[in-house]
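Asks: need the 3D shape of this:
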Amino acid sequence: MSNFLAIDTSSRYLTVLAQKGDKRVLRHGTDCAMRHSVILMDEVQKALDEAELRPEECDFFAAVTGPGSFTGIRIGISAAKGFALGADKPVLGVTSFDLIAYNVNSENFYVVIDAAHSHYYVCGYGKGGEVVFPPCYMSEEDVRALEFPLFGFENLPFDNYVGLDAGQCLAAAVHRGKVIPAHSLRALYVRRSQAEENLNADKKVEI
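Replies: Predicted coordinates:
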């Protein structure tokens, strides 16, 4: 079994998973929006202490890379990179889509992530878990028109939707991933942030 620390700050949830051998400690908060930067390191320290795991004993550090909260994603990736560089260890990135997909025993389904304002990030999976519908940004109306079952970890308004436990999903997703050098860890952005959209709109007005 690997020793690792995994962090998910990509949504209003916060998940910290520390594993040392066959001992696994999960700390999961369900309403942490706008507070990730304040509470993350305390949760990390508590998880490490409960698992009796020191950062230098980790084989790698993992983070969920999005899509999701732009600020939250940056916080999680920065934390994982910081630990990895300090301990001279690799990192592992898990997308928000794979976080769910690796825990679905089905073929032909979509993973749906809330993108706010009645829009969603969507990715489709086929046989063997391969991506057959690349990540995209869709309206609620377009999501409702999708043919296959929908999965995610939030409370979403779709009849053919199944919500999974994001905290419990993290371990399986991490064990399916591959480590990379710390400097290679990147966020998955399916669209530009609202700040970038607003900046672009302002430039158009000036022109």
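
Asks: which neighbouring elements make contact with the top strand by length along the chain?
Replies: The residue-count maximum for a strand in the chain (DSSP state E) belongs to strand 131-139. For strand 131-139, the elements it packs on are strand 119-125, judged by 3 or more Cβ pairs under 8 Å, 6 or more residues apart in numbering; DSSP states H and E. Backbone N, C-alpha and C define where each C-beta goes, glycine included.

Asks: hmm, back to that, average pLDDT across the longest strand of the chain?
Replies: Average pLDDT, strand 131-139: 96.

Asks: residues making contact with that strand?
Replies: Here strand 131-139 makes contact (Cβ atoms under 8 Å, 6 or more residues apart in numbering) with 67, 95, 97, 108, 110, 115, 118-126, 188, 190-191.

Asks: so what are the sheet partners of that strand and their directions?
Replies: strand 119-125 (antiparallel) (DSSP bridges).

Asks: buried residues of the partner strand, list them for me.
Replies: 120-125 (16 or more other Cβ atoms under 10 Å).

Asks: show the end-to-end separation of stretch 102-119, please.
Replies: End-to-end distance for stretch 102-119, by Cα to Cα, to the nearest Å: 23 Å.

Asks: against which helices or strands is the top helix by length along the chain packed?
Replies: Looking across the chain with DSSP state H, the single longest helix is helix 70-87. Counting contacts by 3+ Cβ pairs under 8 Å, 6+ apart, helix 70-87 is packed against strand 4-8, helix 36-51, strand 60-64, strand 91-94.

Asks: for it, buried residues please.
Replies: Buried residues in helix 70-87 (16+ other Cβ under 10 Å): 70, 72-81, 83-84, 87.

Asks: try stretch 93-111
Replies: 93-104, 109-111.

Asks: closest one of those to Ala6?
Replies: Val94 (7.7 Å; Cβ to Cβ).

Asks: residue contacts, that closest one?
Replies: Contacts of Val94 by Cβ under 8 Å, 6+ apart are 6, 8, 62-65, 170, 173-174, 177.

Asks: ok so, going back, considering the buried residues of strand 119-125, which is situated nearest to Gly152?
Replies: Tyr120 (8.6 Å).

Asks: wait, that closest one sits on Tyr110?
Replies: No - Tyr120 sits out of contact with Tyr110 when judged by Cβ atoms under 8 Å, with a separation of 9.4 Å.

Asks: shared neighbours of the two, which are they?
Replies: Between them, Tyr120 and Tyr110 share the contacting residues Val143, judged by Cβ under 8 Å, 6+ apart.

Asks: quick one, phi/psi of Glu147?
Replies: Dihedral angles of Glu147 (phi, psi; degrees, to the nearest 10) stand at phi -80, psi -40.
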